[in-house]
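*Asks:* Provide a 3D model corresponding to the input given below.
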Amino acid sequence: PTGFRPWTGRGLTYLAVDVRRLNVSLLRWFREGVAAALGVPVGHVHINQLNEEKNGIELFVSSDRLGISEPRPAEEVIQSLNVRVLHRHLGHFGITEVSTE
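*Replies:* Model prediction:
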């Protein structure tokens, strides 16, 4: 997979993958791989929706600041993402892009 392009914007983080072949088990595996690539607990990675129009997974990452769980800014998530770890855990998903909107 290549073409990781962070886009500036607000809102959620998108990872472009072929969503038509995903099932619940693969989504759990995907979530675990994203958590590993971010170095956060799996419980902080939340899949918002599968976006068939964009052929990607829309997600957000929560943080526990001052005891209140809130979404981390998408730009911060992308900057924190370890692409090597992401490829190692999720290379078979064929992620082609990571962006914000």
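
*Asks:* can you map out the strands along the protein?
*Replies:* Per DSSP state E, the chain carries strands over the ranges 13-16, 45-51, 56-65, 68-71, 97-100.

*Asks:* Out of the helices and strands in the chain, which is least certain?
*Replies:* strand 68-71 (a mean of 72; mean pLDDT, DSSP states H and E).

*Asks:* re the thing from before, please work out which of the strands of the chain is packed deepest.
*Replies:* When those are scored by mean count of other Cβ atoms under 10 Å, the highest mean neighbour count falls to strand 13-16 (a mean of 24). In short, each C-beta sits where N, CA and C put it, glycine included.

*Asks:* which residues sit against it?
*Replies:* Contact with strand 13-16 is made by 34, 51, 54-61, 74, 77-78, 95-101, as judged by Cβ atoms under 8 Å, 6 or more residues apart in numbering.

*Asks:* now the angle between strand 56-65 and the biggest helix by length in the chain, please.
*Replies:* With residue count as the measure and DSSP state H as the assignment, the chain has helix 24-38 as its longest helix. Taking axes from the mean of the first three to the mean of the last three Cα atoms, to 10 degrees, one finds that helix 24-38 is oriented at 50 degrees with respect to strand 56-65.

*Asks:* Buried ones in helix 24-38, by neighbour count?
*Replies:* For helix 24-38, burial by neighbour count (16 or more other Cβ atoms under 10 Å) applies to 29, 30, 31, 33, 34, 35, 36, 37, 38.
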